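S.K.: What follows is a predicted protein model with its sequence.
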Amino acid sequence: MREIRYREALTEALHEEMLRDEKIIILGEDVGVYGGIFKVTNGFLDEFGPARVMDTPIAENAIMGLSAGAAMLGQRPVLEIMYMDFFTLALDQLVNGAAALPFVYGGQVEMPLVIRTQGGAGSCAGAQHSKSLEAWIAHIPGVRVAMPSTPFDAKGLLKSAIQDKKLTVVIEHKQLYNTRGPVPEEEYTIPFGKADVKRRGTDITVIATSRMVLEALSAAEMLSKDGIDIEVVDPRSLRPLDKKTILESVAHTHRAMVVHEAWRTGGFGAEIAAMISEEGFDYLDGPVTRLAGTDIPIPYSPALEPHVIPNAETIAAQIRKVLK
Amino acid sequence: MREIRYREALTEALHEEMLRDEKIIILGEDVGVYGGIFKVTNGFLDEFGPARVMDTPIAENAIMGLSAGAAMLGQRPVLEIMYMDFFTLALDQLVNGAAALPFVYGGQVEMPLVIRTQGGAGSCAGAQHSKSLEAWIAHIPGVRVAMPSTPFDAKGLLKSAIQDKKLTVVIEHKQLYNTRGPVPEEEYTIPFGKADVKRRGTDITVIATSRMVLEALSAAEMLSKDGIDIEVVDPRSLRPLDKKTILESVAHTHRAMVVHEAWRTGGFGAEIAAMISEEGFDYLDGPVTRLAGTDIPIPYSPALEPHVIPNAETIAAQIRKVLK
Amino acid sequence: MDNEKLLVLYYRMVIVRKLEEALPKQHAQGKIKGPIHTCDGQEAVGIGVCSVLKKGDTVTSTHRGHTHYIGMGIDLNILLAEIMGKANGLGKGQGGHMLIADREHGILGGNGIVGGGIPIATGQALAHKNLKTGGVCVSFFGDGASNEGAFHECLNIASLWKLPVVYVCENNQYGLTTAIRRHMAHLNIADRALGYGIPGVEVDGNDILAVIEVAEQAVDRARSGEGPTLVVAQTYRRKGFSTTDIGGYQPPEEVKDWPDPLLVTSNQLLAAGVKAEEIEKINIKAEQAVEAAVKFGLESPYPDPIVITEWVNNFEVAK
Amino acid sequence: MDNEKLLVLYYRMVIVRKLEEALPKQHAQGKIKGPIHTCDGQEAVGIGVCSVLKKGDTVTSTHRGHTHYIGMGIDLNILLAEIMGKANGLGKGQGGHMLIADREHGILGGNGIVGGGIPIATGQALAHKNLKTGGVCVSFFGDGASNEGAFHECLNIASLWKLPVVYVCENNQYGLTTAIRRHMAHLNIADRALGYGIPGVEVDGNDILAVIEVAEQAVDRARSGEGPTLVVAQTYRRKGFSTTDIGGYQPPEEVKDWPDPLLVTSNQLLAAGVKAEEIEKINIKAEQAVEAAVKFGLESPYPDPIVITEWVNNFEVAK
Ligand SMILES: Cc1ncc(C[n+]2csc(CCOP(=O)(O)OP(=O)(O)O)c2C)c(N)n1
Ligand SMILES: Cc1ncc(C[n+]2csc(CCOP(=O)(O)OP(=O)(O)O)c2C)c(N)n1
Ligand SMILES: [Mg+2]
Ligand SMILES: [Mg+2]
C-alpha cells in the first residue's frame, strides 16, 4: 500500500468530502489563503472558492458558535481551532451550545459540525501552545472525540466524522503531521467507538492515545528484547469509547496501563483506568497504572519539556516495574 | 455549637477576611448592589464601599483575566462566577493565564486569586444552569479546587482559600445555600488536601462530593436499617486530593464507591476511582464503582431532571448491589 | 399601517403581557419549576421586529424571549407545555422556558447564556447566505449581553462577510440587577456599530410603529446582501429580572417614567379610530387564549424518563 | 526631543532590529527551539510608547514583544537566556520567548494567547488604581487581537471604571497570514473607541516622535484618572509571522510602501544635526550588545529538571 503523511491523509479526507457534499465548508483562522498553519487545507481556497473555504478573524468563541448556528440550518462546517489551547475560548459555544441544543430543543435541530484541532507538546512551543485538553472535551455528552495516531486512522476517522453528521471533535497532534504510514487509495472510513489493537502481545495491555501510541510501539520493541511482549490498544475515539476491545485485551493480558500526554490528574486516562478497574476487575492481576503528562504547565526549555511527557523509555521503564 | 446556613457561613468567611486584609476585593456580576444572586455578599457594598465590592459587566473572560492581572500586582480579588456553567467563558484566562503565569514567569508573580462559583442541578434551571464542571478545573495544575458540602466546611475552606494566597476555585452548590449546620463562632480554617470522614462505617467507603455527601449520609441511614454500615468520605478539596485518608478508609472497608453529580464519563470520580484502584489495589475486595450524573445535557422537566442525578435511594440501591 | 394589522400586533403584545401575568402565578403554585424571566414592558420590540420577518427567516432568542416566540407565531399551547416541562412541549420538556425552539416558525432558539445566541445567529445568517435560502436571521439580546465578547466578535464577522443578520439589542436598562450606567459608561449602545462600519440605529422600543420602521430597513438591508445592522431598542423591564428576584434595586419611581408599550399601541389604535370596545375584546381574547394554553399545559403529560436512556444510547454507545 | 534622548531611543530600536536578525539565525541553528515572532518594522511603536512610562508602570505584551521588552529596559543577557530556555533566564527557562516577564522593569508580561494580555492589563490597571501605586498599565496587542472578545469586554470595563490603562494596538496589517482587510471590514480600529466613549487615536507607528506624542497624552490621561485611551499605531510587519512562516501571502512589493522606522528615525537624527558616524557607531554598538547577549545565552546553563518536581510538590501535594 502507498505510504502518505498524516497531514496528507487529513487533506485527502477533507478533499474527498468537500467534493462529495457541497454543503461542507471549511473555516478557521488562516485555513484559506495560507492553507492552515499545518498546511492541511493547502490549495483548498483556490479549488473550492471563498464561499466554502473561509479565513475567519481571530475570535474562537464566535467561530465555534457560528459554526453551530450554520450547522443548525443544514450547512456542514468543518471548523479548525488552530491549537487545542485556544479551545478554552470556544468551550462555551461547544458545551452550552452545539452539544446541548439538539437535546434541549427536543431534536428539532441536528448538529453536523466537525471541529479539527491539534494538541501536544514536543516543539518547545510553551505552556500556551502544547497542551492536551481532550479530557475536557470527552467529558461533554453529545460530543464525539477522536485522536488519530496514524495517517490511516486520521483519514478514516475524519471521513467518518464528516459523514456521520454528528458533532465531533478530531484532535490531531502537531508532532504527527509529518509521520508516514500506509493509506489505501480506495474509499474507506473508520467507525467511531472502534479501538484498534496496534500490536498484539500477552504480558500487559497498554492503552495509549495519539502520539503516545507511537511511543508505546517503540517501547514494545525495546521490551521485546527482554522477552516482554506488550499489547498496544489505541482507542482512536475516546467518546464513544470502545470498552469491549479494551476489556477483551485486558482479559487476555491481565494487566493494563494507560498512557497519554495530557496532565495525569483528571486526564482521560483516569476514565479508562477507572472503567477497566470497574468492569474488568476480575481480569486484573495487578492495578491499572497510568503514565501521563506531569501535572505542571508545560515548560518551554528544551531541557525541561521532554521530562513532562511520557516517551518510549519511560513507558518501557514503567512496564518493567509493573511486571516485576 | 450554633447552627448557621451554608450561605451565612460563606458570608462570614468573606466578611472576616475583608476585615482582615484591605487588599481583598470582591467582584463579579451582581455581587454589589444586589449582594449576589444567592445573597452571599449581601450588604457588603454598603459596608466596604464600591472600591472593594464591584459589580462587573457581564464579561466572564475579562473578569477572570483582570482578576488575575490585579492579583499579580498584589491585589487579592475574590471573584464570583455566577454559575459554573459560565466558567466555560472564563477558562482561557484561568488555564492559559492565572494558573500558568506564576510558573512560566519563573516565579516572578504570585496568584492570590480566589474564584467562587456554584454548580449543581435540582432547580429545574435547565442544561445551561445546572452543570457540575469540576473535572475541568481540577485537571489544571496550579489550581486548587474545593467543593464544600457543609456550612462548617464552606467557611473553613473559603477562609483558607483566601488566606493561603494561592489560586483557588471554590465550588458551592446551589441547593446547599439554605442548609444548616454547626459552625463555631471562633476563628478556624480548614486546610486544603484534608478529606473529612463524615461518617464512620465498615462495609464500604463512599467517596462523595458536594451535595452528594448529604445524599450519601441519607443513604447511610437507610442502609443502616438493613445492617449495612457505610463510611462516607468527603474529599472537600479535589485538588490537592487527600489520597491518604481515602486509601486508609478503603484499607479498612475493602470496598469503595465514588458518587458525584457531574457527568460520569470523565468526571472527577474517574480520577478518584483510578487512584484507589492504582494505589489501593491490594485493599480491594471488589471493583471501585461510580455513581454519577447521567451523560446527557441536564433536562429541564421536573419529570426528568431527578433521574439524571444520583440521590440517597440510588446510592443505597447501588451499594446493596455491590455488597450482594 | 392599517388598523387590522396593528390590531393583530396589539393582540400579540397583550398575549405576552397576559403570559407574564400568568406564568409567575403558575410558578408560585409550583406548576412551573425553574425561574421565569418575564418581558413586561418590552412587548413592542419583539412583536414589532418579528412582524417584518418572512417564512424561512430565523431568530435567536434569550432567557427573556416570550415576545420573540409570540412574535414568530409559536403555538401557545405547546409553548406552555414546554414551559411546564411536558412531553408534548416544543422541546419535549427537555429545554424549558429559557431554551425554546420552534423550527417551523423559525425560532432557533432560546438561549440562557447571555450573549450565547449572537454567534448562533451569525452562523444562521452565514447558512442563509451560503445556502441561498433568501432568509435573514435576527438576533435578540439585552443591554447586558452587549458587553460580552461574543457581541464584538460577531458584529465584526458579520460586517466583514456582509451577512444577512440584524442584531437587536433590547436595552431594558438593566443587566439582571445592574443598572446600565453601572455596566457601561457610554450609554449609546448603537455607537458600538461605528467600529464595524455598519449602521447603528437607536429606536423608541416602546412604540411598535417606530420599531417596525427601523426593523424593516434593517431586514431589507440584510436581505439585499448589504450586511448587518445593529438596532438598539430603548425599553424598560417593568418587573424583576425573574421569578427569583427579591428586588430592592429598581427605584419604584423609575417605572413611571417609562411608557407602557401596550398603552402606547392602544392609544395609537384609538387615535386611528379603533373603538375602545374592540380593544377590550382583544384584551379578553388574549387573556382567554393564555388561560386556555395554561390549562393545556397543566393537563399535558410529563415525559417518560425512558427518553434519557434513549438519548444516551443514541449518542454514547459505541456501535 | 533633544538629540541625546532620541539617540537612546534609536539605539533601542536598533537593538530590536539586530535581535530580529540574530534570533532567526540561532533558531535555524537549533540553538533556539520554538517559534520566534520578530518585530522588524514595528520598532517605533514599542520603543516609543515605553519611553514615556515611569518606574512602577507596567506593560502586558504579546507573542511579538521584543520592542516592549527592550523599551522597558530589560537586561538583554537574561532575555536571551530565557529565549534559549536557560536556567538564568527571566523565567528560569520555563516561559520562553512568548512568555517573558521582568517584574523589576514592569514587564508583566508576554502572552501567547492572542488578546490574552488585555484582561491582565485591565486588572493591573485596577490594582494600580485601588492600591494607589500612581502607576499606569499599557497593554500592547495586534490588529488581529482587536477582533477577540477580550478587547471589547475590557475596553468597556476600563471605560466604566476609568482605569489607568492605555490600549496600544500595533496594526501591522496582518493577523498571522490574514491581511487586515480580510479580518475586518472597517479598517479604522481607532473608531472602536467610539462605542465606549473613550478617545481612539490613530498614529503613524513608524514615526517614533509621533508615537511618543500620542502615547504621552494617553498615559497622562490614564495617570490623571481620566481613564483609558485606545491608540492604534499603523505599522507593518516586514518579515513573516514567525520562524515557521513559509510565506506566500505577503505581496513582496507591499513592504516597499511602508517606511522603515529605523530609517525614519535616523533621518530625523540627521536632520537634527546628528552626524552619520554617530548613528553608525550606535548601530555597531547595538549589534555588539546583541552579539554579546547571544553569546551569554549560548553559554548559560540549562535548568535542572529537578525544578519540575519542586513545582509539583509545591502546588500539588496535599500537606
Ligand atoms: C454568560 C452568562 N453570564 C451571566 C448570566 C446570568 N444572567 C442571566 S440574565 C443576566 C442579565 C442579562 O442582561 P441583559 O443582557 O440586559 O438581558 P435582560 O435580562 O435585561 O433581558 C445575567 C447576568 C448568564 N445567564 N450567562
Ligand atoms: C487565542 C489565540 N488564537 C489564535 C492564536 C494563533 N496566533 C498566533 S499569532 C496570531 C496572529 C495575531 O495577530 P495580531 O494580533 O495582529 O498580532 P501580530 O502577530 O500581527 O503581532 C494568531 C492567530 C493564538 N496564539 N491565540
Ligand atoms: Mg437588560
Ligand atoms: Mg497584526
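M.R.: Right, received. Where do you want to start? Quantities reported herein were computed from a predicted structural model and do not represent experimental measurements. Ligands and ions are numbered 1, 2, ... in the order given.
S.K.: before we move on, what SS does residue C:203 have?
M.R.: What DSSP: H, G, I helix; E, B strand; the rest coil gives for residue C:203 is strand.
S.K.: Please give me every residue in contact with it.
M.R.: C:210, C:211, C:213, C:214, C:231, C:232, C:233, C:234 (C-beta atoms under 8 Å, 6 or more residues apart in numbering or on different chains). The C-beta positions use only the backbone N, C-alpha and C, and glycine is treated the same way.
S.K.: My read is that the second one contacts residue C:46, right?
M.R.: In other words, residue C:211. No - Residue C:211 is not in contact with residue C:46 according to C-beta atoms under 8 Å; the separation is 9.1 Å.
S.K.: which residues does residue A:315 contact?
M.R.: By C-beta under 8 Å, 6+ apart, the contact set of residue A:315 is A:206, A:208, A:212, A:215, A:216, A:219, A:259, A:291.
S.K.: scratch that, residue C:315 is what I was asking about
M.R.: Applying C-beta under 8 Å, 6+ apart, the residues contacting residue C:315 are A:141, A:142, A:166, B:295, B:296.
S.K.: So for it, what's the pLDDT?
M.R.: Looking at residue C:315, its pLDDT stands at 79.
S.K.: what's the answer for residue C:231, then?
M.R.: pLDDT for residue C:231: 99.
S.K.: re earlier: nearest to chain D, of the contacts of residue A:315?
M.R.: residue A:291 (15.1 Å; C-beta to the nearest C-beta).
S.K.: circling back to that earlier point, dump the contacts of residue A:315 to TSV, plus neighbour count and pLDDT.
M.R.: Shown next, in TSV, are those (neighbours: other C-beta atoms under 10 Å in any protein chain shown; pLDDT from 0 to 100):
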residue	neighbour count	pLDDT
A:206	32	98
A:208	28	99
A:212	33	98
A:215	25	98
A:216	31	98
A:219	29	98
A:259	27	98
A:291	24	98
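S.K.: Show me which of the residues you listed is closest to ligand 4.
M.R.: Nearest to ligand 4 out of the contacts of residue A:315 is residue A:212 (C-beta to the ion; 35.6 Å).
S.K.: now that closest one: how far from residue A:262?
M.R.: To residue A:262, residue A:212 is 10 Å away according to C-beta to C-beta, to the nearest Å.
S.K.: my guess is residue A:25 is in a strand, correct?
M.R.: Yes - membership of residue A:25 in a strand is supported by three-state DSSP.
S.K.: Surely it and residue A:51 touch.
M.R.: Yes - using C-beta under 8 Å as the test, residue A:25 is close enough to residue A:51 to be in contact (7.4 Å).
S.K.: Tell me where the model's unsure across the chain.
M.R.: Because you didn't say which chain, this covers chain A. Applying pLDDT under 70 to chain A flags no residue at all.
S.K.: hmm, I had chain C in mind actually
M.R.: C:317-319.
S.K.: Next to ligand 3, which bits of it? Give me the list.
M.R.: Selection of chain C residues close to ligand 3 by C-beta under 5 Å from the ion yields C:142, C:143, C:144, C:172, C:174.
S.K.: contacting residues around the residue lying closest to the third one once chain neighbours are set aside?
M.R.: When you say that, I think you mean residue C:144. Closest residue to residue C:144 apart from its sequence neighbours, by C-beta to C-beta, 6 or more residues apart in numbering or on different chains: residue C:175 at 2.4 Å. Residues near residue C:175 by C-beta under 8 Å, 6+ apart: B:29, B:57, B:58, C:114, C:142, C:143, C:144, C:145, C:147, C:183.
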